[in-house]
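**Student:** Quick one, what's the 3D model for this:
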Amino acid sequence: MKNIQLTILMCLLITCVGYGQKSLLIDKVIARVGGETILLSDVEAQYAFALDQAADIGDEDQAKCQILEGIIGQKLIVHQAKLDSIVVGDEEIEAQLDYRINGVLRQMNNDEEFFEEYYNMSVDEMRGNLREDLEQQLLAERMQSQLMLSVNVTPDEVEKFFSEIPTDSLPYLSSEVEFAEIVLQPEVNSEEDKKALSTAEDLYQRILAGESFEELAKEYSDDPGSGANGGNLGYAPRGTFVPEFEEAAYNLDIEEVSLPVETEFGYHLIKMIDKKGTKINLQHILIKPEITDNDVLLAKTKLDSIKNLVSEEKTSFGEAVRKFSYEDIPSYHNSGRVQNPSTGKTFFRTAELPTEVYFAIEDMQVGEVSEVLEYPLPTGETYYRIIQLQSKTKPHKANLKEDYAKIQELAKQSKKNEYFVDWVNRKLKETYIEVDDRLRDCPNLEELTK
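**Tutor:** Coordinates of the predicted model:
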């Protein structure tokens, strides 16, 4: 019984779904879990997927037994979710389908013909195949999340959890830091803004006079991604672009070119190539106003003033973030604290820090604020920031004083796992489970069906 509980737990953690791929053999129901059925093709599809991901997955019969146990676990959660009236809305399912399929299409340069050739089915057929599996996955996730809402750990439980870790098993942790930032975008001066608009208007007239949109995009566009490709953005669904750009684009007819459209990135000329339902295929030319040395100096001077306010304790760093920092970056909504993209936490090992941040904080004390630093963005623009060192540890063996938050999280996760295994154990005993006689040789399954 313990083995299947762990299999169920692992299956849910790694999202055991068959990706909607069904076997070509004659299908049949091989198991029932409450009101849910399991098909032979469900097991075969996941086995084929496992083979594709790893060359050697061991004995075939044993692997299929483990897969079946995992599917039983997921069906158990789905069955219980339905009994508890947990619902996943159609809009959420459609949004998840859009996210997953569009992610695949982006890797294929939004080429639906290549998608159909690669998967041997159209995008709509893929959506249909994925929908049921995705709905059940979301139901299982929601049921599990609801179960875990009530699980918390007290300080005593954290200390007990830590005390039960053998001393020689305590990890040796690298030096880690937390830092926060205030980011400013240099403001474009009115003269450069007028120059950019004038350039965009001139290009618009040249296009109307018959010049090639593609060639002008290659020569003039400031979008490094699409400019070299003639401004081509490919097919994209509604919600892909910033609102001003999207509103103008969806009002265009095929082959029509827009007047200059202003967004936070600059001025755009947009050409409608094609429409397919809610998807549009566009080209654009972006003209960015130039940021002058004086614009940069003004941004740096403002950051210096903000640093002085914090250093003189006339305001806190968090308050300064809310008043002054650029809002369209994740740290703004986290009081300036920067998240480690690898972990989702605010702790960085020194080796994970951007080079300029590492050298800026190397000799800083906790609470100090750096000089103004350049902040290059993936879009090619350069913003500027000051950073505050908020915590710093030296290399050390894990301990409650310096690593309480991490140990607390580990203790909580351990308690959640135990709680979930107990819950599964109870529900396995309460739920009607039937397995095809041919599969009763699988370990654990005979006990489940008693």
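**Student:** following the worst-scoring helix or strand of the chain on mean pLDDT, which helix or strand shows up next?
**Tutor:** Across the helices and strands of the chain, mean pLDDT, DSSP states H and E gives its lowest value to helix 2-13, namely a mean of 44. Next along the chain after helix 2-13, taking DSSP states H and E as the criterion, comes strand 29-33.
**Student:** That following strand packs against which elements?
**Tutor:** Packing partners of strand 29-33 (3 or more C-beta pairs under 8 Å, 6 or more residues apart in numbering; DSSP states H and E): strand 36-39, helix 40-53, helix 60-83, strand 433-435. Every residue, glycine included, has its C-beta placed from N, CA and C.
**Student:** rerun that using 10 Å as the cut-off
**Tutor:** Contact here means 3 or more C-beta pairs under 10 Å, 6 or more residues apart in numbering; DSSP states H and E; on that basis strand 29-33 packs against strand 36-39, helix 40-53, helix 60-83, strand 433-435, helix 445-448.
**Student:** Mind listing residues that contact the fourth one?
**Tutor:** In other words, strand 433-435. Contacts with strand 433-435, where a contact means C-beta atoms under 10 Å, 6 or more residues apart in numbering, come from 29-34, 36-38, 68, 72, 75-76, 79, 442, 445-446, 448-450.
**Student:** Tell me the secondary structure of residue 275, please.
**Tutor:** Three-state assignment for residue 275 (DSSP: H, G, I helix; E, B strand; the rest coil): strand.
**Student:** how close does it get to residue 343?
**Tutor:** Distance, residue 275 to residue 343, using C-beta to C-beta, to the nearest Å: 41 Å.
**Student:** Counting neighbours, go ahead and name the busier of those two.
**Tutor:** residue 275 (16 against 11; other C-beta atoms under 10 Å).
**Student:** leaving aside the residues next to it on the chain, what's closest to that one?
**Tutor:** Sequence neighbours aside, residue 254 is the residue nearest to residue 275 in space, at 6.9 Å (criterion: C-beta to C-beta, 6 or more residues apart in numbering).
**Student:** For that neighbour, grab the count of nearby residues.
**Tutor:** For residue 254, using other C-beta under 10 Å, the count is 11.
**Student:** ok, it - contacts?
**Tutor:** Per C-beta under 10 Å, 6+ apart, neighbours of residue 254: 271, 272, 273, 274, 275, 280, 281.
**Student:** Turn those residues into a markdown table, including distance to residue 328 and pLDDT.
**Tutor:** Listed next are the contacts of residue 254 as a markdown table, based on distance: C-beta to C-beta, whole Å; pLDDT from 0 to 100:
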| residue | distance to residue 328 | pLDDT |
| --- | --- | --- |
| 271 | 27 | 96 |
| 272 | 27 | 95 |
| 273 | 29 | 94 |
| 274 | 30 | 92 |
| 275 | 29 | 89 |
| 280 | 24 | 91 |
| 281 | 27 | 92 |
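**Student:** which among the residues you listed gets closest to residue 246?
**Tutor:** Nearest to residue 246, judged by C-beta to C-beta, of the contacts of residue 254 is residue 280 at 8.9 Å.
**Student:** and residue 227, which of the helices and strands packed on strand 29-33 is closest to it?
**Tutor:** Nearest of these (C-beta to C-beta): helix 40-53, 37.9 Å.
**Student:** how big is the angle separating the closest one from helix 60-83?
**Tutor:** 120 degrees (axes from the mean of the first three to the mean of the last three C-alpha atoms, to 10 degrees).
**Student:** and residue 106, what element?
**Tutor:** helix 90-107.
**Student:** tell me which residues in that helix are buried?
**Tutor:** 93, 96, 97, 101, 102, 105 (16 or more other C-beta atoms under 10 Å).
**Student:** Can you give me the domain boundaries for the protein?
**Tutor:** Following automatic domain parsing, the chain resolves into domains at 2-152+413-448, 172-187+292-397, 190-287.
**Student:** Figure out the length between the terminal residues of the second one.
**Tutor:** It stands for domain 172-187+292-397. 4 Å (C-alpha to C-alpha, to the nearest Å).
**Student:** Check the gap between residue 227 and residue 383 for me.
**Tutor:** 21 Å.
**Student:** and residue 410, how many residues sit next to it?
**Tutor:** 17.
**Student:** Quick check: chain neighbours aside, which residue is closest to it?
**Tutor:** residue 161 (7.1 Å).
**Student:** Local confidence estimate at that neighbour?
**Tutor:** pLDDT recorded at residue 161 is 94.
**Student:** Could I get the buried residue list for the helix or strand it falls within?
**Tutor:** Per DSSP H and E: residue 161 is located in helix 155-163. Within helix 155-163, the residues that count as buried by 16+ other C-beta under 10 Å are 158, 161, 162.
**Student:** who's in contact with the nearest residue in space to the last one that is not next to it in sequence?
**Tutor:** Once its chain neighbours are removed from consideration, residue 162 has its nearest residue in residue 407; the separation is 5.3 Å (C-beta to C-beta, 6+ apart). Shown in contact with residue 407 (C-beta under 10 Å, 6+ apart): 153, 158, 159, 161, 162, 165, 170, 398, 399, 400.
**Student:** Quick one: the strands in this protein, in order.
**Tutor:** Taking DSSP state E as the criterion, the chain carries its strands at 29-33, 36-39, 172-173, 176-184, 232-237, 261-263, 266-276, 279-287, 348-349, 373-376, 382-392, 396-397, 433-435.
**Student:** In TSV, list those along with distance to residue 246.
**Tutor:** Formatted as TSV, those follow (distance: least, C-beta to C-beta, whole Å):
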stretch	distance to residue 246
strand 29-33	45
strand 36-39	41
strand 172-173	46
strand 176-184	25
strand 232-237	9
strand 261-263	10
strand 266-276	10
strand 279-287	9
strand 348-349	36
strand 373-376	27
strand 382-392	24
strand 396-397	51
strand 433-435	50
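**Student:** among the ones you listed, which is nearest residue 304?
**Tutor:** strand 382-392 (8.2 Å).
**Student:** Could you list the buried residues of the closest one?
**Tutor:** In strand 382-392, counting by 16+ other C-beta under 10 Å, buried: 383, 384, 385, 386, 387, 388, 389, 390.
**Student:** Now do residue 24, the pLDDT please.
**Tutor:** 44.
**Student:** ok, and the closest non-adjacent residue to residue 279?
**Tutor:** residue 235 (4.8 Å).
**Student:** cool, residue 280 as well?
**Tutor:** Residue 280's closest residue in space is residue 249 (C-beta to C-beta, 6+ apart), at 6.0 Å.
**Student:** And residue 435, by the same measure?
**Tutor:** For residue 435, the spatially nearest residue (C-beta to C-beta, 6+ apart) is residue 31, at 4.7 Å.
**Student:** Specify the beta-bridge partners of residue 282.
**Tutor:** Note on residue 282: beta-bridge partners residue 234, residue 272, judged by DSSP bridges.
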